[in-house]
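1. please find the sequence and the predicted model below.
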There are 2 protein chains.
Amino acid sequence: MAEEKRLIMLPGPTNVPDRVMRAMMKPIINHRGPEFEALHDNITQNLKYVFQTKQDAFVLTSSGTGAIECAVGNILNPGDKVIIPTFGFFTERLKEKIVRHGGKPIEIPVNWDNAPTAQQIEQAIKKEKKVKAVAIVYNETSTGVTVRDLPQIGKTTHENNVLLMVDAVSILGGDHLPVDKWNIDLCVAGSQKCLACPPGVAVISVSEKAWETIEKTPTRPYYFDLVSIRDYASKGATPFTPALPLFYALDEALKIIREEGLQNRIKRHQTCAKAFYAAFEAINLQPYPSAKVRSNTVIAVKVPSGVDGGRVRQATKDRYRVEISGGLGKIRELIFRIGCMGIISEAETLATIGALENALNDLNYKVKIGAGVEAARKIFHRR
Amino acid sequence: MAEEKRLIMLPGPTNVPDRVMRAMMKPIINHRGPEFEALHDNITQNLKYVFQTKQDAFVLTSSGTGAIECAVGNILNPGDKVIIPTFGFFTERLKEKIVRHGGKPIEIPVNWDNAPTAQQIEQAIKKEKKVKAVAIVYNETSTGVTVRDLPQIGKTTHENNVLLMVDAVSILGGDHLPVDKWNIDLCVAGSQKCLACPPGVAVISVSEKAWETIEKTPTRPYYFDLVSIRDYASKGATPFTPALPLFYALDEALKIIREEGLQNRIKRHQTCAKAFYAAFEAINLQPYPSAKVRSNTVIAVKVPSGVDGGRVRQATKDRYRVEISGGLGKIRELIFRIGCMGIISEAETLATIGALENALNDLNYKVKIGAGVEAARKIFHRR
């Protein structure tokens, strides 16, 4: 790798293919003209493929957080009850957004190393009267936990006529998420995670059922007004000036996903995740989440006792040119987090495991050196 | 010009220098690390130079409209009175935003070819009790009108202890706007206009006086919460993932402004605007705005009677590779609008006038061909 380049193995942003970077250099065009319409239509079509939806999908000029505020702000009227399981930094953030928009969060606290179950959601819906929505963070970027019960949760919300809003910021395009099949009404993701695009735009899907509520929400935020966004989208446009270079980049990134095939892409993420977990088992690094809820896109492992996580991360970055992350919030110093996202393959996986093994050894963490890389290699061999 | 390239003479987006485009190709980095801090600090410093402020300035990952919603949402509590002169499409839009955020707009309707005066604003402040803010669109992008009384309006709001919020989306960096000197409390602009950057980020300045109100506004929007943005900015960061490639681009665009010097840049815009107005006088195209309120950044002229404006614009674009714009809202077909923004110089000015002259002649508008270009040339000669 060239001196100035590093592998970005963060839980977002992640490495971006050259093709996608180069797409940003396309000419500035009028966003109220036929060239933009064609770009907009291509993006929309491929976005629906990635969301696996026949309903609506849009791009927003904002980060993923903006898109979540869009989802929340378009369905909540003051006093509306929203069931929100909390099990990490981003679920806490989502709860705060519900409060800001006048909603009443019905919290289901879950240990940060675990995920809520469909049973818990169903019980909460039955107990509370008139629940407007259930808000689920499908993949808790702060803990590496994936809510594996999401399909069952969708069944429950569907049967009880409650909206299901899903924060899929760090998982769309990297793991299973068939929006229509799983009855998800609003699904949000960022560009800079599994879609392997630079940061700066976000995507959102909207179901027929969600529209019924959105149209009856007069306090919709102006910038994130989905009714206005739908009106303009029907004419191949956005209500306000779009982040054109990032629309070009997203268009290219989505084309790459279509070329690879969504299911192949998901399988690739799964295989690399399996290699990470096998490697960490081999060098006695414990995954932070419980076994059944481990993410395939954000790999979180505990910092071994007696090891200074910050120094290890500094060493992987400075000496081995691989950038990984620590924790967030109350578990900041307790874990390492690695993005297994986007263009992730054998090369990035092995390089990251190797860098972490070497850095740990440099800092006197005694483990058989090479055992991690070797365990990962075997996974790729078996594929 | 290469076949596929066109001059983008729209009132935004505008032509972007190659240096700025190339900056977007810099490596993806962690937005929670020292490299981003350095980038953030450079941008902030140069942004304060452009705003001519010693107070606060921030970049937002959104369009200019998002930044205006940020300004409005951070100061308005339900029922707050805001004086809003309306004289075009974007002032109407701003009024709608005030309503969405629970504010009570006190409208001062002005003819679309004119601008509000300081006297009108002062009278409205005195008549209404407890006005929270005055909201002014400094440059109405839809009509080519600039509010030349803005310094006096700032004096009035200052003396009456009312906040002054300014939409400078299409003028910051292209005309005079010393934020501190003119007592502007919140000033908003887009990246894709006079700053000559691609679209996708927006900028905002915030005064000490504005902070007093912002801190007492509990309904601040989550994504656009200025208190949170200030907290993160003090550590060289943004609360949510920034549009990194556009931060790189803005950084480069601001460096270019510093190199040229803000006053030189403003003078360049003024000279080109003067050339446009001289050219249009020479070929009998009437400016849409009254003489005293003509913009130096958005040149709006009336479509001559009997001429099909849409066909003329199509011809400048297809035959002469210069893209200009029509009107917006109720004056869509009545005017041409030309962006005199960013990298605007003799070359773009003469090419645009020439293209418009040629297209008008192609479509049988009888005028002495070449008179417009010749009048513009003289202006540049006199410089």
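-> Yep, it's here. Numbers count the residues shown, from 1 in each chain, chains lettered A, B, ... in the order given.
2. residue A:230 is in what secondary structure piece?
-> Using DSSP states H and E, residue A:230 sits within helix A:226-233.
3. buried residues, that helix. List them.
-> A:226, A:229-230, A:232-233 (16 or more other C-beta atoms under 10 Å in any protein chain shown). All C-beta spots, glycine's among them, are computed from the backbone N, C-alpha and C.
4. what is the mean pLDDT for stretch A:131-141?
-> Taken as a whole, stretch A:131-141 has a mean pLDDT of 98.
5. any part of that stretch near chain B?
-> No - using C-beta under 8 Å from any C-beta of the partner chain, stretch A:131-141 stays clear of chain B, with a minimum separation of 10.7 Å.
6. okay, domains of chain A per the record?
-> A:7-13+A:261-382, A:18-260 (automatic domain parsing).
7. of all these, which one comes closest to residue B:260?
-> domain A:18-260 (20.2 Å; C-beta to C-beta).
8. what helix or strand does the closest residue to residue A:65 other than its chain neighbours sit in?
-> Excluding the flanking residues, the one nearest residue A:65 by C-beta to C-beta, 6 or more residues apart in numbering or on different chains is residue B:240, at 4.1 Å. For residue B:240, there is no host helix or strand (DSSP H and E).
9. burial of residue B:240, as a residue count?
-> 24 (other C-beta atoms under 10 Å in any protein chain shown).
10. residue A:261 too?
-> Residues lying near residue A:261 (other C-beta under 10 Å) number 11.
11. so for the residue in the stretch 201-350 of chain A that chain B sits nearest to, what's the pLDDT?
-> Residue nearest to chain B within the stretch 201-350 of chain A: residue A:243 (2.7 Å; C-beta to the nearest C-beta). The per-residue pLDDT reported for residue A:243 equals 98.
12. please tell me how far residue A:256 sits from residue B:265.
-> Residue A:256 sits 40 Å away from residue B:265, taking C-beta to C-beta, to the nearest Å as the criterion.
13. looking at those two, which is more packed in?
-> For residue A:256 and residue B:265, the more surrounded residue by other C-beta under 10 Å is residue B:265, and the numbers stand at 23 against 18.
14. phi, psi for that one please.
-> The phi/psi pair for residue B:265 (degrees, to the nearest 10) reads phi -60, psi -40.
15. my guess is it meets residue B:254, correct?
-> No - if you go by C-beta atoms under 8 Å, residue B:265 and residue B:254 don't touch, sitting 11.4 Å apart.
16. quick test: name the residue nearest the centre of chain A.
-> Nearest to the mean C-alpha position of chain A, by C-alpha atoms, centre = their mean, lies residue A:170 at 1.3 Å.
17. hang on, it packs against residue A:300?
-> No - in this structure residue A:170 lies outside contact range of residue A:300 using C-beta under 8 Å: 11.6 Å.
18. residue A:299: what secondary structure?
-> Here residue A:299 is strand, with the state taken from DSSP: H, G, I helix; E, B strand; the rest coil.
19. what residues does it make contact with?
-> A:144, A:273, A:276-277, A:280, A:287, A:337-340 (C-beta atoms under 8 Å, 6 or more residues apart in numbering or on different chains).
20. which of those sits closest to residue A:6?
-> Taking the contacts of residue A:299 together and measuring to residue A:6 by C-beta to C-beta, the closest member is residue A:339, at 12.8 Å.
21. one step back: columns pLDDT on top of the buried residues of helix A:226-233, output as a markdown table?
-> Shown next, in a markdown table, are these (pLDDT from 0 to 100):
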| residue | pLDDT |
| --- | --- |
| A:226 | 98 |
| A:229 | 98 |
| A:230 | 98 |
| A:232 | 98 |
| A:233 | 98 |
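22. identify the farthest-apart pair in these.
-> Most distant of these, by C-beta to C-beta, are A:226 and A:232, 10.8 Å apart.
23. for chain B, what are the nearby residues on the stretch 1-150 of chain A?
-> Residues of the stretch 1-150 of chain A lying near chain B (C-beta under 8 Å from any C-beta): A:4-6, A:8, A:10, A:12-16, A:21-22, A:24-25, A:27-31, A:33, A:61-66, A:69, A:96-97, A:100-101.
24. tell me which of those fall in helices.
-> Per DSSP state H, helices hold the following members of the residues of the stretch 1-150 of chain A next to chain B: A:21-22, A:64-66, A:69, A:96-97, A:100.
25. can you say which of those are buried?
-> The buried subset of those (16+ other C-beta under 10 Å) comprises A:21, A:64-66, A:69, A:97, A:100.
26. what is the neighbour count of the closest residue to chain B within the stretch 51-200 of chain A?
-> Closest approach between the stretch 51-200 of chain A and chain B, counting by C-beta to the nearest C-beta: residue A:200, at 2.7 Å. Counted with other C-beta under 10 Å, residues neighbouring residue A:200 total 29.
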